[in-house]
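1. just the structure for this:
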Amino acid sequence: MIRTIGVAAIIAVTGVMALAQGTVPEGGAVPIEAVPFSTEAVNRAFNRLTDDERSVIQQRLERRGFYQGTVDGLTGPGTRDAIRAQAAVVLATGLDARLDTEEGARTFLTGLLPLPLEELPAGDAFFGVWDCGIGTFSYRYYGYATSPEEPHLPYMSIQEFTPGNYGITYMDGYRTGLMDVTPTTMIWSSPASGDNFDCRRVSAPPPRPEIATTVQPPVRDLIDAVPPAPPAADTALPWQSETKAAPVASAPKTIAWAFEGHWLCISETFEGQTRFEFGADAVTVPAFGTTAGYADVTPIGGRETAFLVNLRDGQQAAVAEIEAGRMILFASGNLFDCARGN
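-> Below you'll find the predicted structure:
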């Protein structure tokens, strides 16, 4: 099944894209404190995006040097700071960027989703016009259409799984696979419908545009102007990638976890702050009068800044975006925003 692309969808996408991304003038950077900002507004806007959209935004901010956390689709201090840093770049262009209302934050975040030229696959790849039997498909550097004359829907992400094999997610969430791509042939595939078409290239790839001529910001040029994330705590020992059994309570403390310490955490479920005391082998919640030992602790996300903690009472907790003074905690079905306490 082939999906057609509506003009309204293109207008909506290009409108928010222009707001969220721009070329930086010579006037210099804008401090992130100048960005109108509300933690609650950004949290609500971010969490109303799809799982794919949240992950894509984190990946995009990571590539631009703003985000050093785990790509997990969760909103925490690191994600919010990265979003605010990107907004500061937009303010430096003279455009408006408001993160102090949910509507403004959602508009800005949606504008980050179209794939920038800096993330396009190298070379000719699949770009050009293809006769796939059932129709003529057009792949330009900024989007895809079921006819060269139709509006092109922007890409949200492109993954090259192996040379010549691509997975594409479009701005409306639709996915296609382009397999066995050669200079003259490829296979078009839709995971949703199960359709597969043999395609033949009927036009050469268009000239590749220069990044400087697009609305994408040269973000890497401004990384030095953005305050870096706080360094990891010096007390943490090097992490191991495999699951490690937590030490029993009577054993000497030989393992230091990045999340160890006393944390003051807030969530939308509980009023006020909840204190969590993470030790080397157990966590205590003074408000509930409970202590549970760790059964095992497993790094997740490949960054050693997030861990899955299986507790001996059968419960699980996950910690992510761990920094020197803050992290996010998911426990008992609640998402907590935590700051390190005394």
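2. could you check how far residue 341 is from residue 63?
-> 33 Å (C-beta to C-beta, to the nearest Å). Glycine gets a C-beta too; all of them are placed from N, C-alpha and C.
3. what of residue 120?
-> 12 Å.
4. now name the helix or strand holding residue 330.
-> strand 326-331 (DSSP states H and E).
5. that strand: partners in the sheet, and parallel or antiparallel?
-> Counting by DSSP bridges, the strands paired with strand 326-331 are strand 316-320 (antiparallel), strand 334-340 (antiparallel).
6. related to what we said a few turns ago, comparing residue 120 and residue 63, which shows the higher neighbour count?
-> It is residue 120, of residue 120 and residue 63, that has more neighbours when counted by other C-beta atoms under 10 Å, with 17 against 14.
7. now do the contacts for the more buried one.
-> By C-beta atoms under 8 Å, 6 or more residues apart in numbering, residue 120 lies in contact with 141, 158.
8. wait, doesn't residue 48 sit right on residue 109?
-> No. With contacts counted by C-beta atoms under 8 Å, residue 48 stays clear of residue 109, the gap being 9.3 Å.
9. neighbour count winner among those two?
-> Counting neighbours by other C-beta under 10 Å for residue 48 and for residue 109 shows that residue 109 has the greater number, 23 against 13.
10. so what's residue 63 up against?
-> 118, 119.
11. returning to that earlier point: figure out which of the strands paired with strand 326-331 is closest to residue 42.
-> strand 334-340 (11.4 Å; C-beta to C-beta).
12. buried sites along the closest one?
-> By 16 or more other C-beta atoms under 10 Å, the buried positions in strand 334-340 come out as 335, 336, 337, 338.
13. what sits closest to the second one if chain neighbours are left out?
-> Spelled out, it's residue 336. In this structure, residue 336 finds its nearest non-sequential neighbour in residue 265, 3.7 Å apart by C-beta to C-beta, 6 or more residues apart in numbering.
14. bridging residues for that neighbour?
-> Beta-bridge partners, per DSSP bridges, of residue 265: residue 274, residue 338.
15. which regions of the stretch 101-250 of the chain lie under the pLDDT threshold?
-> By pLDDT under 70, the weakly predicted segments of the stretch 101-250 of the chain are 211-250.
16. can you map out the helices along the stretch 51-200 of the chain?
-> 51-63, 77-92, 102-111 (DSSP state H, counting those that start in this stretch).
17. please identify the deepest-packed of those helices.
-> helix 77-92 (a mean of 25; mean count of other C-beta atoms under 10 Å).
18. and that helix, what does it pack onto?
-> Using 3 or more C-beta pairs under 8 Å, 6 or more residues apart in numbering; DSSP states H and E, the elements in contact with helix 77-92 are helix 7-20, helix 39-47, helix 51-63, helix 102-111, strand 326-331.
19. one more pass at 10 Å, please.
-> Packing partners of helix 77-92 (3 or more C-beta pairs under 10 Å, 6 or more residues apart in numbering; DSSP states H and E): helix 7-20, helix 39-47, helix 51-63, helix 102-111, strand 326-331, strand 334-340.
20. least reliable of these going by mean pLDDT?
-> Among the helices and strands packed on helix 77-92, helix 7-20 has the lowest mean pLDDT, at a mean of 41.
21. related to what we said a few turns ago, export the buried residues of strand 334-340 as a markdown table, with columns for distance to residue 316.
-> A markdown table is the format used below for the buried residues of strand 334-340 (distance: C-beta to C-beta, whole Å):
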| residue | distance to residue 316 |
| --- | --- |
| 335 | 14 |
| 336 | 14 |
| 337 | 19 |
| 338 | 17 |
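22. let me know the closest of those to residue 304.
-> Using C-beta to C-beta, residue 338 is the member of those that lies nearest residue 304, at 17.8 Å.
23. any idea how far residue 35 is from that closest one?
-> Between residue 338 and residue 35 the computed distance is 23 Å (C-beta to C-beta).
24. nice, that's everything, thank you.
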